[in-house]
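Asks: For reference, the sequence and a predicted model appear below.
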Amino acid sequence: MDTLDIVIEEDRWHSLIPLFVPSVEQTLIHAGLRPNTCELSILACDDLRIAALNTQFRDKPTPTNVLSWPAEERAPTRRGTVPALPEPGPDGQIELGDIAISFDTCTAEAAAAGKPISAHVTHLIVHGVLHLLGYDHIDDADAALMEGREVEILGKLGLDDPY
């Protein structure tokens, strides 16, 4: 996937970076998109950086596992419904947006849950890409839809239901 820009700010991510491309590709394919027509970036960072981003963009001065910034609002108008597929621009490309993921929080969550870090990171990348596509988990109907999509995608990647 040549339209995925990965910025590594935290060196501890290097062994997990190979998980990013298949996670993104499978999510896009599951949504009905061709990965080579989609553009997005992932910032692989630490808790200090993601806490600064969480403060700046969400007024929450704490670290989190993953943040997403869709290139445009794609949420459906009715709760619990699938977002419409994004339209390509004049160049045929679909700009999806940006994701940041924190190594520290991801590894702590995986350890606390007794999950392999690779499975948790894959889940969070899928989760972040779904946010870029307009999925959310603000209310129960949206959460059920998004979590169902995550389970389906993770299953195709050979991973168990994270919930």
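Replies: Nice, I can see it. Nothing here was measured: the structure is a model prediction, and the numbers come from that model.
Asks: What is the three-state secondary structure of residue 135?
Replies: Reduced to three states with DSSP: H, G, I helix; E, B strand; the rest coil, the structure at residue 135 is coil.
Asks: What residues does it make contact with?
Replies: Residue 135 makes contacts with 83, 142, 145, 146, 149, as judged by Cβ atoms under 8 Å, 6 or more residues apart in numbering. All C-beta atoms are positioned from the backbone trio N, CA, C, and that covers glycine.
Asks: can you map out the helices along this protein?
Replies: Secondary structure of the chain, counting by DSSP state H: helices at 20-31, 47-58, 103-113, 117-132, 140-156.
Asks: Mind checking the pLDDT average for the fourth one?
Replies: Averaged across helix 117-132, pLDDT comes to 98.
Asks: between that helix and helix 20-31, what angle do the directions make?
Replies: With axes from the mean of the first three to the mean of the last three Cα atoms, to 10 degrees defining the directions, helix 117-132 sits at 50 degrees from helix 20-31.
Asks: Give me the buried positions along helix 117-132.
Replies: Within helix 117-132, the residues that count as buried by 16 or more other Cβ atoms under 10 Å are 117, 119-132.
Asks: Closest one of those residues to residue 159?
Replies: Of all these, residue 119 has the smallest distance to residue 159: 5.1 Å, by Cβ to Cβ.
Asks: between the buried residues of helix 117-132, which is nearest residue 53?
Replies: Of all the buried residues of helix 117-132, residue 53 sits closest to residue 128, with 12.8 Å by Cβ to Cβ.
Asks: show me the contacts for that closest one.
Replies: Counting by Cβ under 8 Å, 6+ apart, residue 128 touches 42, 66, 67, 68, 99, 101.
Asks: try residue 40
Replies: 3, 4, 5, 24, 95, 96, 97, 98, 99, 129, 132.
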